[in-house]
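**Student:** let's see this in three dimensions:
(2 chains)
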Amino acid sequence: MRFHAFHLMPYRHLDLAEANKHRSYWSVLPNRLYDSGKGADLYQEYLDQLVLAAKLGFDGVCVNEHHQTAYGLMPAPNLIASILIDRTRGMQTRIPIIGRALPLLNNPLTVAEEYAMLDNLSHGRIVAGFVRGIGCEYHASGVNPIYSHDRFHEAHDLIIRAWTDPGPFEFEGEQYNFKYVNTWPRPVQRPHPPVWIPSQGSAETIEWAADPKRKYPFIITFSPIESVLRFHELYKQQARKFGYEADGSQLGWAVPVYVAETDEIAIKESAQHIEALFNNYLYMPLEMLLPPGYTSINSLKAILSTKKGMTTAKQSMADILAKGTFAVGSPETVRRKVEEAHAKSGFKVMVCMIQFGTLPDALVRKSTELFAKEVMPKLRGLGESTAKAAE
Amino acid sequence: MASPKSETLEILGAKIRLRRAGKGAPMLFLHGAGGVAVWLPLFEKLSESFELLVPDHPGFGASDTPPWLKNIGDAALYYLDLVEALKLDRVHVVGTSLGGWIAAEAAVRNCTPFATMTLVAPAGLRVAGVPAGDPFIWSHEEHVRNLYHDPSFAERALSVPVTPELADLQIKNRFAFARLAWQPRLFNPDLERWLHRIKTPVQLVWGNEDKLLPVAFAQAWLKRLPKARLLPIPQCGHLPHVERADEVASAIRSFIRETAP
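**Tutor:** Residues are numbered from 1 along each chain as shown, chains lettered A, B, ... in the order given. Here you go, the predicted model:
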């Protein structure tokens, strides 16, 4: 099992009562609510948290991209990645950027270039995450969500070719056209940096990621544990349809994690902060979460019929615990939760969101240390031992 | 009251639903983003004097969503094909909101088939400093309420039971609307540079209380269109052809009588 520490870098000093007067914390939340004095300090606090995680032995420290929101202050995640690369120099720590939102870009070659730069700067430690961005970001960028899937696939193909085909070459697409593709520098990792696909589990994306041409690790983000396991199973079934067995290294679970001395303390210390994540920072109405074309018409109908869009409904700590969207408790409890999930799906990539919502620095550091010292070592062998047992 | 006859046309490989009613000079009605879920009282009035043709736009209602439909220009050129296919060499056009925009985009490319044009609160232009509403961020209820000035119309629209068929239709129309109007939101920056090409007489009809496209937008059209007049409708929202069907029907009839006898 590999463990990665992940950060959204939210604006945790937000006046929630004031912010709640607005439609969402995305796109329409007035940026006068951002205090740059406090925000500048937050960047240092959050970078220090990720560096702490690297020093505590996490296999990777992850960043990601969001726009026009207090939910995450990394519209340009590669800037943060480059700092992390330097602050983990000489270490083996991976730097997954999970990921850049390809359809939002009018020139996806900038991602091929920037990732290649980061791969050189890190001597081959980056993981290249590709996402579509979330629904709101089609409001924030203006990009027409009707073309979201087309742009994602075409931008992906272009970037992979820019890293692997000899340049210069000409790229002719429906969404993107380039007379000259000739990326300098080339990436260090061959044929290209590993690609991860973080997702909420759409059938189309599972089929695409599991394709034998790609076999991309599929990281299910912020979903109830039952959904995570179901999507892992779908991925494995899809792999079998393609004629191979998916390895646990292709299956990931991204989840907020909070560890404290006891279950009671963990729940008490984290409750208001995780509720702030799900009910405030992540909340958006349907029109913002799922703009037309972001999902297919059929997927949208399926979502509407089950009303499973978790970010459009308010949930209490009890709901969050019941759904298992949060790995919280004593080291023993969290270890057991991970073991139980692993026993069902065999996933070998765990992405731990070490800070969430309004969680303050001291608690982040305490929880991250407890996880690294009391939980992680005992789970290291997961997946490795089953592989050995199977031999 | 004559009920409309529904037929299916096939143009450019796409099946299009077309409803016709009445006898007289041909009149093409181009609907707004919500489509034509019900046969409107306005259609009853107009079909007393005209042969009214009401197609579902490509991508909307009971029409196919053709792969070639990528932007507003495709919708506009499609309608030039349609008027040719139906041999409508002198047709009156009534277009509301999105339909008005499509009509204008078609007419800047070729206005000769159009005898007159009535544009009811057309989308398509922007006016610096006058923000339009955003139907893509509004909730469904908010959207419906923002379309009318008289709240009883919104109440009635919201009280219609949403059958699975109606829900599917609303999703389909919303996807097609986004395809044409998401970005730039509800306008084409190139359109205003070419409005002078519309030599056809144009009547603009605009609700003074339009919350989606404020009536100030009418001035931008008047400034650029060579032969245009404005009928502002007080105490009326974005859908004058619904909120003031009688008034709009008689304005269309008298405009046509005066300009294209």
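**Student:** only C-alpha atoms from now on, for both contacts and neighbour counts.
**Tutor:** OK.
**Student:** quick one, phi/psi of the residue of the stretch 1-150 of chain B found nearest chain A?
**Tutor:** Ranking the residues of the stretch 1-150 of chain B by distance to chain A (C-alpha to the nearest C-alpha) places residue B:137 first, at 5.6 Å. Residue B:137 has phi and psi values of phi -110, psi -20 when expressed as degrees, to the nearest 10.
**Student:** now do the contacts for it.
**Tutor:** Contact analysis of residue B:137 by C-alpha atoms under 8 Å, 6 or more residues apart in numbering or on different chains lists A:287-288.
**Student:** in stretch A:92-112, which residues are buried?
**Tutor:** Within stretch A:92-112, the residues that count as buried by 16 or more other C-alpha atoms under 10 Å in any protein chain shown are A:92-105, A:108-109, A:111-112.
**Student:** near chain B, which residues of the stretch 201-350 of chain A?
**Tutor:** A:285-288, A:291-293, A:297, A:301 (C-alpha under 8 Å from any C-alpha of the partner chain).
**Student:** repeat that with 7 Å
**Tutor:** Counting by C-alpha under 7 Å from any C-alpha of the partner chain, the stretch 201-350 of chain A comes close to chain B at A:287-288, A:292-293.
**Student:** relative to residue A:155, which of the residues you listed is nearest.
**Tutor:** Lowest distance from residue A:155 to those (C-alpha to C-alpha) belongs to residue A:293, with 17.2 Å.
**Student:** give me the nearest residue to that closest one, chain neighbours excluded.
**Tutor:** In this structure, residue A:293 finds its nearest non-sequential neighbour in residue A:146, 4.0 Å apart by C-alpha to C-alpha, 6 or more residues apart in numbering or on different chains.
**Student:** that neighbour in helix, strand or coil?
**Tutor:** With DSSP: H, G, I helix; E, B strand; the rest coil as the basis, residue A:146 sits in helix.
**Student:** who's in contact with it?
**Tutor:** Contact analysis of residue A:146 by C-alpha atoms under 7 Å, 6 or more residues apart in numbering or on different chains lists A:292-294, B:178-179.
**Student:** narrow the buried residues of stretch A:92-112 to those in strands?
**Tutor:** Among those, the ones falling in strands (DSSP state E) are A:95-101.
**Student:** in stretch A:374-382, what counts as buried?
**Tutor:** A:374-376, A:379, A:382.
**Student:** how about these in CSV, adding distance to residue B:33, pLDDT and secondary structure?
**Tutor:** Shown next, in CSV, are these (distance: C-alpha to C-alpha, whole Å; pLDDT from 0 to 100; DSSP: H, G, I helix; E, B strand; the rest coil):
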residue, distance to residue B:33, pLDDT, secondary structure
A:374, 58, 98, helix
A:375, 55, 98, helix
A:376, 54, 98, helix
A:379, 55, 97, helix
A:382, 54, 92, coil
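**Student:** circling back: ok, and the most crowded of the contacts of residue A:146?
**Tutor:** residue A:292 (29 neighbours; other C-alpha atoms under 10 Å in any protein chain shown).
**Student:** could you pull up the mean pLDDT of the longest helix seen in chain A?
**Tutor:** Assignment by DSSP state H gives helix A:36-55 as the longest helix of chain A. Averaged over helix A:36-55, pLDDT sits at 98.
**Student:** just want the angle from it to strand A:95-101.
**Tutor:** Using axes from the mean of the first three to the mean of the last three C-alpha atoms, to 10 degrees, the direction of helix A:36-55 lies 130 degrees away from that of strand A:95-101.
**Student:** residues in contact with the helix or strand that comes right after helix A:36-55?
**Tutor:** Once the chain leaves helix A:36-55, the next helix or strand it forms, by DSSP states H and E, is strand A:60-62. Contact partners of strand A:60-62, identified using C-alpha under 7 Å, 6+ apart, comprise A:3-7, A:50, A:54, A:93-98.
**Student:** and the closest residue to chain A within the stretch 51-200 of chain B, helix, strand or coil?
**Tutor:** Nearest residue of the stretch 51-200 of chain B to chain A (C-alpha to the nearest C-alpha) works out as residue B:175 at 4.9 Å. Secondary structure, three-state DSSP: residue B:175 is helix.
**Student:** list the contacts for it?
**Tutor:** A:292-293.
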